[in-house]
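S.K.: whatever this is, show me its structure:
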Amino acid sequence: MGRPRPRVAKGVADLPPSGIRRFFELVERIPEAISLGIGEPDFTTPWRAREAAIYSLERGHTHYTPSRGIKELRYALADYLERRFAVSYDPDQELLITIGASEAIDLAVRTILEPGDAVLIPEPCFVSYAPCTILAGGTPVSVRTVAEHGFQLQAHDLAAAHVKGGRAVLMCYPNNPTGAVMDRPGLEAVVALAEERDLLIISDEVYAELRYDGDHLPVAAIPGARERTILVGGFSKAWAMTGWRLGFAAGPAEIVEAMTRVHSYTTMCPPTMAQEAALEALRTCDDEVARMRREYNRRRRVIVGRLNEMGLDCFEPRGAFYAFPSIARTGLTSEQFAERLLVEEQVAVVPGTAFGASGEGFVRCSYATSLPLIEEAMVRMARFVGTVTG
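M.R.: This next block holds a predicted model:
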């Protein structure tokens, strides 16, 4: 007999473990730690949405739905996107309800990529973008963003990174982990380059409702962008529905129909009761979203102020619920800073390198936790920084 064949596919075996997951394993050993690491709202899903799910179960709504999602939810989502962000989609042909925004991203890259196609990914970025690209047979190409530009993607950097076989840009604004947003001129420059190079755009806008200096501007609202953009969103962040696992994709009918085909073979449809909860959230929970956004904004001002006071330069995040301070003055790497802070002061933050090599010299601090805990964490972090910089 020959040498046994490996049981795990090489492409999967070669995937590096998530930097966030590895660090959370360390956190689990210190249960008393204050965590600023989790990208999850500390709020509970609004009662009206929970009640709708309960009522759906009471009525026996426990069966499959259409693969695209419940018709009423798709129509309510189309109304919401037009009402809030002035982008219009046909709910029967251009919308797909998915199992979280993560599934929408996975479906998008699997649908549009041929083997070897390159995907340009601005960094720092959410941890799944490059692995999803690799698993779809594509090649991730990092595009560095910097604090000096507010972590906004620069079109000239995108052009410089573009390689033969470039197929798409996969971007996230408001951004995880930096809290950056893209302004209109920046988006217009990126869209113009995408038109010139015939690039598709996958735009992860799951934090669209969490912008603090005005309304969110979707990429698809920029002239020339809609027919080459797959807009990805979800209910996890703004409606505090992380555990419900519900997201969506909106885009050109041809692409969405193909994504739906892949979706129908792999997951069939999202959970019925989660869809009914999301329908109620869209219809009646605007006030709850606004209330949570105001509270995040209050926490944002506190955490950014405290970080700057202790000498960790932190540009002002304008969206999401993350601060991304520089820890360069401490002389520590991102991982050294995070591990020592956890061990010495029992405060958990995430090393910037969990979000790509461009994150070195930074850590991510989530303010999706209560203000008293944030304030205590800042006291401990300031003490740690004082000890290190002495």
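S.K.: can you pull out the low-pLDDT segments for the chain?
M.R.: 1, 19, 22-23 (pLDDT under 70).
S.K.: how about the strands in the protein?
M.R.: Assigned by DSSP state E, the chain shows strands spanning 34-35, 95-98, 118-123, 139-144, 166-172, 200-204, 229-234, 247-250, 322-323, 347-348, 350-351, 363-366.
S.K.: among those strands, which is nearest residue 241?
M.R.: With Cβ to Cβ as the criterion, residue 241 lies closest to strand 229-234 of the strands of the chain, at 8.1 Å. Just so you know, the C-beta spots here come from the backbone N, C-alpha and C atoms, and that holds for glycine as well.
S.K.: count the neighbours of residue 163 for me.
M.R.: Burial of residue 163 is recorded as 9 neighbouring residues (other Cβ atoms under 10 Å).
S.K.: how close does residue 76 sit to residue 42?
M.R.: Separation of residue 76 from residue 42 (Cβ to Cβ, to the nearest Å): 26 Å.
S.K.: residue 209 too?
M.R.: Note on residue 209: its distance to residue 42, by Cβ to Cβ, is 16 Å.
S.K.: more neighbours: which of these two?
M.R.: When residue 209 and residue 42 are compared for neighbours, residue 209 comes out ahead with 22 against 16, by other Cβ under 10 Å.
S.K.: which residues touch residue 201?
M.R.: 168-169, 171, 190-191, 194, 219, 225, 228-230 (Cβ atoms under 8 Å, 6 or more residues apart in numbering).
S.K.: so which two of these are the farthest from each other?
M.R.: Farthest pair in these, by Cβ to Cβ: 190 and 230, 14.6 Å.
S.K.: picking that back up, closest one to residue 337 among the strands of the chain?
M.R.: Of all these, strand 363-366 sits nearest to residue 337, with 5.9 Å by Cβ to Cβ.
S.K.: any idea how far apart the tips of stretch 113-130 sit?
M.R.: One end of stretch 113-130 to the other measures 13 Å (Cα to Cα, to the nearest Å).
S.K.: centre of the chain to it, how far?
M.R.: If you compare the mean C-alpha spot of stretch 113-130 with that of the full chain, they lie 14 Å apart, counting by Cα atoms, centre = their mean, to the nearest Å.
S.K.: in this protein, which helix is the longest?
M.R.: Scanning the chain for the longest helix, with DSSP state H as the assignment, gives helix 286-309.
S.K.: what's the neighbour count on the nearest residue to residue 183 once chain neighbours are set aside?
M.R.: Of all residues not flanking residue 183 in the chain, residue 152 sits nearest, at 7.0 Å (Cβ to Cβ, 6 or more residues apart in numbering). As a burial measure, residue 152 scores 21 neighbours (other Cβ under 10 Å).
S.K.: how about residue 298?
M.R.: Counted by other Cβ under 10 Å, the residues lying close to residue 298 total 13.
S.K.: so who does it touch?
M.R.: If you count contacts by Cβ under 8 Å, 6+ apart, then residue 298 has residue 371 around it.
S.K.: roughly how far does it sit from residue 290?
M.R.: Counting by Cβ to Cβ, the gap from residue 298 to residue 290 is 13 Å.
S.K.: cool, and residue 216?
M.R.: 14 Å.
S.K.: quick one, helices of this structure?
M.R.: Using DSSP H, the helices of the chain run over 10-13, 19-27, 47-58, 71-85, 100-112, 129-135, 155-161, 184-197, 253-266, 272-284, 286-309, 334-345, 371-389.
S.K.: need these in a markdown table (columns: distance to residue 364).
M.R.: Formatted as a markdown table, these follow (distance: least, Cβ to Cβ, whole Å):
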| stretch | distance to residue 364 |
| --- | --- |
| helix 10-13 | 26 |
| helix 19-27 | 9 |
| helix 47-58 | 28 |
| helix 71-85 | 26 |
| helix 100-112 | 18 |
| helix 129-135 | 16 |
| helix 155-161 | 22 |
| helix 184-197 | 22 |
| helix 253-266 | 30 |
| helix 272-284 | 27 |
| helix 286-309 | 11 |
| helix 334-345 | 9 |
| helix 371-389 | 13 |
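S.K.: nearest to residue 325, of those helices?
M.R.: helix 286-309 (4.5 Å).
S.K.: buried ones in that closest one?
M.R.: 288-289, 292-293, 295-297, 299-300, 303-304, 306-307 (16 or more other Cβ atoms under 10 Å).
S.K.: end-to-end on stretch 90-106?
M.R.: Start-to-end, stretch 90-106 (Cα to Cα) is 22 Å.
S.K.: just how off-centre is that stretch within its chain?
M.R.: Relative to the centre of its chain, stretch 90-106 is centred 15 Å away, using Cα atoms, centre = their mean.
S.K.: in that stretch, what's buried?
M.R.: 91, 94-106.
S.K.: need these in JSON lines with distance to residue 351, can you?
M.R.: What follows is the buried residues of stretch 90-106, written out as JSON lines (distance: Cβ to Cβ, whole Å):
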{"residue": "91", "distance to residue 351": "41"}
{"residue": "94", "distance to residue 351": "39"}
{"residue": "95", "distance to residue 351": "37"}
{"residue": "96", "distance to residue 351": "34"}
{"residue": "97", "distance to residue 351": "34"}
{"residue": "98", "distance to residue 351": "29"}
{"residue": "99", "distance to residue 351": "28"}
{"residue": "100", "distance to residue 351": "24"}
{"residue": "101", "distance to residue 351": "23"}
{"residue": "102", "distance to residue 351": "21"}
{"residue": "103", "distance to residue 351": "27"}
{"residue": "104", "distance to residue 351": "27"}
{"residue": "105", "distance to residue 351": "23"}
{"residue": "106", "distance to residue 351": "25"}
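S.K.: closest to residue 66 out of the residues you listed?
M.R.: Closest approach to residue 66 among the buried residues of stretch 90-106 (Cβ to Cβ): residue 97, at 9.0 Å.
S.K.: so that closest one bridges to which residues?
M.R.: residue 248 (DSSP bridges).
S.K.: residue 168 against residue 198, yeah?
M.R.: No. Contact between residue 168 and residue 198 fails when scored by Cβ atoms under 8 Å: they sit 10.2 Å apart.
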